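Undergrad: sharing a model prediction with you, sequence too.
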Amino acid sequence: MTTLAAALEALERVATQAGVDPVTARREGEALAATVSEANKGAFVDWCAETGRATAAQPYFDAASRGRRYRAAQTATMSLLASGGSPAAPSYAAALGDVALAGASLGRP
């Protein structure tokens, strides 16, 4: 399994190759990982380490709050790529899936 840091870097690379803002993609990925791991004990500590932040719960919970909508809908970047018929859409979706899997491994379930 890949780490969250590696999955986020891969997401940024795919976004760049697709011609979309990698900073926005990373922010969406961080939010997705936070919301996926929200129920895991101590996940915020791992999330902070993997995203390069000082250990603090508030940024994690803010990201998790932003990411809750991704439980039922695409990220804005994924929507843009899919609706535009971008050939990068499948790669971007796979990269988001890797971010979600990495997020699920944060903390202790």
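TA: Received it, and whenever you're ready, just let me know what you need. Numbering: from 1, shown residues only.

Undergrad: every contact and neighbour count from this point should use C-alpha atoms.
TA: Noted.

Undergrad: spatially central residue in this structure, please.
TA: Centroid-nearest residue in the chain, with Cα atoms, centre = their mean: Gly29, separated by 1.7 Å.

Undergrad: and Ala102, what element?
TA: helix 89-104 (DSSP states H and E).

Undergrad: who are the packing partners of that helix?
TA: Applying 3 or more Cα pairs under 8 Å, 6 or more residues apart in numbering; DSSP states H and E, one finds that helix 89-104 contacts helix 4-18, helix 22-37, helix 76-83.

Undergrad: how near is the residue nearest to the centre of the chain to Ala72?
TA: For Gly29, the distance to Ala72 (Cα to Cα, to the nearest Å) stands at 15 Å.

Undergrad: tell me which residue of the protein is furthest from the middle?
TA: Distance from the centre of the chain peaks at Gly85, with 21.8 Å (Cα atoms, centre = their mean).

Undergrad: count of neighbours near Leu8?
TA: 28 (other Cα atoms under 10 Å).

Undergrad: hmm, I typed the wrong one, I wanted Tyr60.
TA: Residues near Tyr60, counting by other Cα under 10 Å, number 26.

Undergrad: can you check the pLDDT for it?
TA: What the model reports as pLDDT for Tyr60 is 97.

Undergrad: and what of Ser91?
TA: pLDDT recorded at Ser91 is 97.

Undergrad: need the contact list for the closest residue to it other than its chain neighbours.
TA: Closest residue to Ser91 apart from its sequence neighbours, by Cα to Cα, 6 or more residues apart in numbering: Val14 at 6.9 Å. Counting by Cα atoms under 8 Å, 6 or more residues apart in numbering, Val14 touches 88, 91-92, 95.

Undergrad: from the residues you listed, pick the one nearest Gly103.
TA: Nearest to Gly103 among these: Ala95, at 12.3 Å, using Cα to Cα.

Undergrad: test my guess that the closest one contacts Leu11.
TA: Yes. Shown here, Ala95 and Leu11 form a contact pair, counting by Cα atoms under 8 Å, at 5.2 Å.
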